[in-house]
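# I need the structure of the sequence given here:
(chains A, B, C and D)
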Number of protein chains: 2
Amino acid sequence: MGRHPRKKTATIGDVSRLAGVSSMTVSRVIRSPDLVVAATRARVNEAIADLGYVPNRAAGGLSSRRTGFIALMLPTLTNANFSAVAHGLTESLRAADFQLLIAYTDYSLEEEERQLRNLLARRPEAIVLTGGVHRRAAARLLIASDVKVVEIADLPSRPIEHAVGFSNYQAGRTAARHLIDKGFQRIGAVAGSHEGDVIDHRGEERMRGFEDELRLAGLSTSHVLRHGLPPVSYDHGAASAALLLGRKPRVEAVFAVSDLSAVGFVMECQRQGVAVPDELSVMGFGDFEIGREINPPLTTVHVDFRALGQRTGQMLLELLASGEEEPARRFIDVGLSIIERASVRSRG
Amino acid sequence: MGRHPRKKTATIGDVSRLAGVSSMTVSRVIRSPDLVVAATRARVNEAIADLGYVPNRAAGGLSSRRTGFIALMLPTLTNANFSAVAHGLTESLRAADFQLLIAYTDYSLEEEERQLRNLLARRPEAIVLTGGVHRRAAARLLIASDVKVVEIADLPSRPIEHAVGFSNYQAGRTAARHLIDKGFQRIGAVAGSHEGDVIDHRGEERMRGFEDELRLAGLSTSHVLRHGLPPVSYDHGAASAALLLGRKPRVEAVFAVSDLSAVGFVMECQRQGVAVPDELSVMGFGDFEIGREINPPLTTVHVDFRALGQRTGQMLLELLASGEEEPARRFIDVGLSIIERASVRSRG
DNA sequence: CAATTCTTTGTTAACGTGCACATTCCTCTG
DNA sequence: CAGAGGAATGTGCACGTTAACAAAGAATTG
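Numbering: from 1, shown residues only, chains lettered A, B, ... in the order given. You can find the predicted model right below:
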C-alpha cells in the first residue's frame, strides 16, 4: 500500500469532501446521475471540475468486477487489414466505454504466450484472437480464466468459443477457381516461406486452398513460388516477379498471397516491360486500397475487415450485456468475394 | 463489491493456500524471486501452474501505484507511419512489461477530450500525444493528473513537458526548397481542406512551411490546391491530379502533403498519359513503403517513424526508472531528410 | 392523519494486491 | 555459548472504488 510523499491526483474522497456529500453519492453522479437530485448533482459536478477529478477505473473495476477492457491479439499492427479490424472494433465499442487492449506477436509463437499472459493480467472481459492459439500452455491459460473468447479472421475448424471471419482456405480455392475459369493453364502463385520460426498461418491456409483447387482441376502446382519471410510486402512481390518472369515457359496468371505482394509484382512487370494483363494476369488478396489505384487496377479477393471488426464488436456487446455465463456459441462467416478489375483477363 | 455467485479466476490467496505459504510469499515469487528460497519457490510455482494463476495487475497497480500502462493518443491507426510509431514504442517497452494503451481521435476534437479522459482513468504512468492537445478542458485534465507527458511527431513550439519529433513546418519548407533548387517556377501542392471539423494539424503545418518558402523565394502560391477531408489518401491524390492537370499553364512540380496522395497523383498522371517526371515532377511526404515501389519511385521527405517510437520508448523508460518528480525537460529533434528518387528531376 | 411507499443519501465491507514492518529461525562471531 | 546480524517468511493495512444494505425524509394513499 502507499506510504507516499504526497498524493497528487484527486480521489473520489477529495470530491466528496469538497462537495459535502458521501463518496457513494459522487460515484452515483458519475455512473447513474438520475439517482441523484439535481442540486446535489450540480454541486458534485462542480467539485469534480474544480479538482479535475477522473475516476480510477482500476479501483472501480476491482470492486465491480467489470474492467471495461477488451483484449485484441494481432500478428502485427503494420498491416492495413489488421488495423482496419482494430478500427472497426473500436468504433462499435466506443459508445459502450470499452477500452481496447492491443497486443501483437509479430508472428512469433514465442511472444504469443507472453502477450496473452500480459493481457489476461488486465482481466479483460473478452479476448479477440486472430488465428487461434498455437501453444498448449497458452490455451490452458485461456481456459483457466473466464474471459469470453472470440476468434476472428480465419475461421477455425474447431473454435474455442465464438468466431467471426472467413475461410482462408476457401479464399485460396476461390482465387484458383477464378483463374481456372478464365481459361489459364499455367497458373502460378507467390507466398512467403513456410519454413522457419515466423509463419503466416492465414496465408498458408490460402496457399493450401489454392494448390488443392489446382490439383482438383488437374493442373500443375509447379509454378507456386515460396520464398522470403512473412509478413510479405511489396518487395516480396517484386522479387517474386523477377524470379518467376525468368522461367520458361512463362506462367500465364499469378495469384499473390497478399495485395501488397501483388502490387510489387505488377510494378516489377512494368519495369521489365511485361504487360499486365496482356502478357500476364495478376491477382491478389485483401483488397487493399492501393490495389484500386495502380495501373492496371488489381483483381483481388475482397474481405471487409473493418466490417468484420464492427460485427465482432457488436457481438461482444451483446454477449457481455446478456450476462449469461454460457451463451450460445456464435459462428459468423462474413464471406468473401472476387473483385474483378483489370489485372486479370481471359486467356487467348 | 462482490456478492457474486461463484468466483472463478484464481487469486493470490488461492495460490498461497495451495502452496501452504502466505500470500506475500507468492507475491515475492512473482516479483522478486531471489528473495524466496528455492524449495518454497518451486512449491509456489507449481501451485501457480496448477491453478493457471495470472496476477491481477489492476489490484497490484492499485497497491503499488504502478499501473504499467503507457497511453498513446493518435489521430488514426490506419496510417502506416502512426502504426510504425506504435510498433516502435511497443518494441522498446516490451521488455519492461509495460502495456501500451492506444486511443485515437479520427482527427476529431470532439473525441480528443473523451479519449483523454478514458486514458487517464487507467492511470497511465506516461502519456504520449501526437500533435498536442487542442482543447482547454483537455489540457486542464492533463495538468491535474500527474502523468508524464511526451509529445511526439510534430515538435510543438511550446511543449507541455517532453517532446520527440520533427518540425512539420520545416518539412514543408524543405520540400519547397528542394523543388525551387531544381529550378522550377510554377510549383504546386495538394492537401486536404483546412476548413471543417476534421483538421490534420500536422499536414497544415507542412503546407504553411511550404507556402512560406515559396513566398520567400518570390514564387506564387496560386497552384496550391486544397480540397477533400483529411486524412488524405490515394484517391485524394488522383482527384487532385485530375483537377491540377487541367489548368493552364500547367504546374511543373507538385508537392503532396502525404506520399499516399502523391502515389495517387502519379497514377492519375499515368492514366492521363502525362509522363512523370518528364512532363511533371511529383514529391511526397512520409517515405511510405509504396513510394519506393511505384514507377517512377517517389522522391519524398523521410522521417523514421519507427525509430521515433523506439526513441520515445527508451526515453520513457529512463524517465520512469529515474523516479524523479521533475526530471529535466527533454526535447529531441529526430530530423528529416529528402530521399531523392526518380519522380523529381531538374527543370529544363 | 397514520401507514405505506418512494426518493435520496449514507455506512460498511470487500475487490486482489504490495508496502512497511514484525517475527522467526539460522548463522556467525568473539 | 550469548549476542548480533542476516535471511526467509508472515501480519496488517491501505490503494480507490462500488455492491448491498440501511436510514432518513418526502410524497402518497385510504
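# how about the strands in the stretch 101-250 of chain A?
A:126-130, A:148-154, A:162-166, A:187-191, A:224-226 (DSSP state E, counting those that start in this stretch).
# residues in contact with residue A:45?
Applying C-beta atoms under 8 Å, 6 or more residues apart in numbering or on different chains, we find residue A:45 in contact with residue A:29. For every residue, glycine as well, the C-beta is placed using N, CA and C.
# got it, and residue A:124?
The neighbours of residue A:124, taking C-beta under 8 Å, 6+ apart as the test, are A:67, A:69, A:70, A:71, A:101, A:147.
# which residue, other than its chain neighbours, is closest to the last one?
It stands for residue A:147. Closest residue to residue A:147 apart from its sequence neighbours, by C-beta to C-beta, 6 or more residues apart in numbering or on different chains: residue A:127 at 5.0 Å.
# dump the residue contacts of the one you found.
A:70, A:71, A:72, A:73, A:119, A:120, A:142, A:147, A:148, A:149, A:150.
# could I get the contacts of residue A:124 as TSV with neighbour count and pLDDT?
As requested, the contacts of residue A:124 are arranged in TSV below (neighbours: other C-beta atoms under 10 Å in any protein chain shown; pLDDT from 0 to 100):
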residue	neighbour count	pLDDT
A:67	21	97
A:69	23	97
A:70	28	97
A:71	23	97
A:101	23	96
A:147	20	92
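# would you reformat those as TSV and include distance to DNA strand C?
TSV is the format used below for the contacts of residue A:124 (distance: C-beta to the nearest atom of the strand, whole Å):
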residue	distance to DNA strand C
A:67	11
A:69	15
A:70	19
A:71	17
A:101	17
A:147	14
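# those: which ones sit near DNA strand D?
Residues of the contacts of residue A:124 in contact with DNA strand D (C-beta under 7 Å from any atom of the strand): none.
# determine which two of those are furthest apart.
A:101 and A:147 (11.3 Å; C-beta to C-beta).
# what do the two both touch?
Common neighbours of residue A:101 and residue A:147 (C-beta under 8 Å, 6+ apart) are A:71, A:124.
# quick one, helices of chain A?
Assigned helices in chain A, in chain order: A:12-19, A:23-31, A:38-51, A:57-64, A:80-94, A:109-120, A:136-144, A:168-181, A:201-216, A:234-245, A:259-271, A:289-293, A:305-322 (criterion: DSSP state H).
# quick one: closest of these to residue B:77.
Nearest of these to residue B:77, taken as C-beta to C-beta: helix A:80-94 at 4.6 Å.
# who wins for neighbours among the contacts of residue A:127?
residue A:70 (28 neighbours; other C-beta atoms under 10 Å in any protein chain shown).
# that one contacts residue A:129, doesn't it?
No - assessed by C-beta atoms under 8 Å, residue A:70 is found out of contact with residue A:129, at 11.7 Å.
# returning to that earlier point: which of the helices of chain A sits most buried?
Of all the helices of chain A, helix A:259-271 carries the top mean neighbour count, a mean of 26, counting by mean count of other C-beta atoms under 10 Å in any protein chain shown.
# extract the C-alpha set from stretch A:212-227 and format it as PDB.
The C-alpha trace of stretch A:212-227 is given here as PDB (Å, rounded to 0.1, in the frame of the first residue of the first chain):
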ATOM      1  CA  ASP A 212      -5.800 -28.000 -53.800                       C
ATOM      2  CA  GLU A 213      -8.000 -26.400 -56.300                       C
ATOM      3  CA  LEU A 214      -5.300 -26.500 -59.000                       C
ATOM      4  CA  ARG A 215      -4.800 -30.200 -58.300                       C
ATOM      5  CA  LEU A 216      -8.500 -30.900 -58.400                       C
ATOM      6  CA  ALA A 217      -8.600 -29.300 -61.900                       C
ATOM      7  CA  GLY A 218      -5.700 -31.500 -62.900                       C
ATOM      8  CA  LEU A 219      -3.300 -28.600 -63.200                       C
ATOM      9  CA  SER A 220       0.300 -28.400 -62.100                       C
ATOM     10  CA  THR A 221       1.400 -26.600 -58.900                       C
ATOM     11  CA  SER A 222       5.000 -26.300 -60.000                       C
ATOM     12  CA  HIS A 223       4.600 -22.600 -60.600                       C
ATOM     13  CA  VAL A 224       3.900 -22.000 -56.900                       C
ATOM     14  CA  LEU A 225       6.800 -20.000 -55.600                       C
ATOM     15  CA  ARG A 226       7.700 -19.800 -51.900                       C
ATOM     16  CA  HIS A 227      10.400 -17.600 -50.600                       C
END
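# residue A:26 and residue A:18 touch, don't they?
No - Residue A:26 lies out of contact with residue A:18 (C-beta under 8 Å); the separation is 9.6 Å.
# now do the shared contacts for the two.
The contact lists of residue A:26 and residue A:18 share residue A:47, where a contact means C-beta under 8 Å, 6+ apart.
# which residues of the stretch 101-250 of chain A lie near chain B?
A:101-104, A:117-118, A:120-123, A:140-141, A:143-146, A:233-235, A:238 (C-beta under 8 Å from any C-beta of the partner chain).
# what about residue A:158, neighbour count?
Residue A:158 has 6 nearby residues by other C-beta under 10 Å.
# ugh, wrong one, I meant residue A:246
Residue A:246: 9 neighbours (other C-beta under 10 Å).
# how much space between it and residue A:272?
Look at residue A:246 and residue A:272: by C-beta to C-beta, to the nearest Å, they are 10 Å apart.
# picking up where we left off before, the helices of chain A into JSON lines, with extra columns for mean pLDDT?
Shown next, in JSON lines, are the helices of chain A (pLDDT from 0 to 100):
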{"stretch": "helix A:12-19", "mean pLDDT": "96"}
{"stretch": "helix A:23-31", "mean pLDDT": "96"}
{"stretch": "helix A:38-51", "mean pLDDT": "96"}
{"stretch": "helix A:57-64", "mean pLDDT": "97"}
{"stretch": "helix A:80-94", "mean pLDDT": "91"}
{"stretch": "helix A:109-120", "mean pLDDT": "90"}
{"stretch": "helix A:136-144", "mean pLDDT": "86"}
{"stretch": "helix A:168-181", "mean pLDDT": "97"}
{"stretch": "helix A:201-216", "mean pLDDT": "96"}
{"stretch": "helix A:234-245", "mean pLDDT": "96"}
{"stretch": "helix A:259-271", "mean pLDDT": "97"}
{"stretch": "helix A:289-293", "mean pLDDT": "95"}
{"stretch": "helix A:305-322", "mean pLDDT": "93"}
